[in-house]
Every structure is written in structure tokens, then in C-alpha cells.
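A.B. asks: here are the coordinates; sequence isn't available:
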Ligand SMILES: O=c1ccn([C@H]2C[C@H](O)[C@@H](COP(=O)(O)OP(=O)(O)OP(=O)(O)O)O2)c(=O)[nH]1
């Protein structure tokens, strides 16, 4: 199992707010909690940057992390992410921040400690680019956006 360093950057963590943990042995994502002293109300259409109280240092450039919405919050309450997906670079050492966006029709209250999003770790390939005159021929070529005719 990959080891990632985690640092508590807000004193609320460890007192009133739990550290992230995998809910089941098969969980891909770790829930991130809102590290807040007071509840905040998120009106329809509003976006707010929610601190999580923790920083991670992945270190290995062949890994990254992604912040994703929680399906329950998104489906039932319209709370997703203002940036749709948050990408955490392997050299980022700042606090993990969740851009919470209320795309629903009603206000939503984010309580301190609420599980607001989830974090997954993903493999990354860093590419080297070689400038060429032509690509090798492929069956698809430049066709895209419905080119194969499938509906
Ligand atoms: O939802 C997010 C997205 C990003 N980050 C942090 C980790 C990431 O490594 C860093 C930079 O993110 P990104 O590269 O997406 O930001 P940018 O807008 O391109 O700015 P920068 O110039 O800082 O790269 O911000 C978060 O905490 N939460």
C-alpha cells in the first residue's frame, strides 16, 4: 500500500473533526470533512472554498490525488464542486481545499465536520513530447465527436 504524508494544519482536526479514513476495505475514496468552527449556509448558485484542516504531501510524481463530489450530496442536495474535479499535485503541500458549489434550488448548510467531498489517489504518467511532421496512420485519424456514427 502506498504511503502518503499527512499533516494537520488546523487545530480543529484531532479535536472535533476526524482525520480521513477509508470507510470499508474496498473504498477507493476518503471522505474529506469541512474543517469549520461554525456552520455555513450555501445559497443556490453559490460557491465557497471549504478548508479541510489537512495537508498531504504525495511526493511521488507518478501519483496525484483528485477531489471528487460525494454522490449522496450531489444527488440529494445539489452540492458538487465549483471546479468539477480538484487535482492535487504530488508537490502540493498546502491545505486541501474543497470548492463547494450549490447547483441545487435550495440553500444547504455545511456543518462543521460534515463530509463534503472525497479524495482518491491516482497514477500519473508524465509525458515527453517529440515534435514530428506526421503521425503514424490510425483507423480513426482525426475523426472524433461522433465520427464513428454510434448514438
Ligand atoms: O480542488 C482543489 C484543487 C486544487 N487544490 C490545490 C492542490 C493543487 O496542487 C493546487 C493547484 O491546483 P491547480 O493546478 O488546479 O490550480 P491552478 O488554478 O492551475 O493554479 P496553480 O497556478 O496554483 O497551479 O491547489 C486544492 O486544494 N483543491
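C.D. replies: Yep, it's here. In this text, all values refer to a predicted model and were calculated from it rather than measured experimentally.
A.B. asks: Please go through this structure and pick out the longest strand.
C.D. replies: Longest strand of the chain, by residue count under DSSP state E: strand 47-57.
A.B. asks: Give me every residue in this structure lying close to the ligand.
C.D. replies: Contacts of the chain with the ligand, taken as C-beta under 6 Å from any ligand atom, map to 67, 83, 86, 87, 88, 89, 92, 96, 97, 99. Just so you know, the C-beta spots here come from the backbone N, C-alpha and C atoms, and that holds for glycine as well.
A.B. asks: Out of the residues you listed, which end up buried?
C.D. replies: Among the residues of the chain next to the ligand, those buried by neighbour count (16 or more other C-beta atoms under 10 Å) are 67, 86, 88, 96, 97, 99.
A.B. asks: residues contacting the third one?
C.D. replies: When you say that, I think you mean residue 88. Residues near residue 88 by C-beta atoms under 8 Å, 6 or more residues apart in numbering: 56, 58, 64, 65, 66, 67, 96, 119.
A.B. asks: The residue in the chain positioned nearest to the ligand and residue 98, how far apart?
C.D. replies: Proximity of the chain to the ligand (C-beta to the nearest ligand atom) peaks at residue 86, 2.1 Å away. For residue 86, the distance to residue 98 equals 7 Å [C-beta to C-beta, to the nearest Å].
A.B. asks: Alright, that wraps it up for me.
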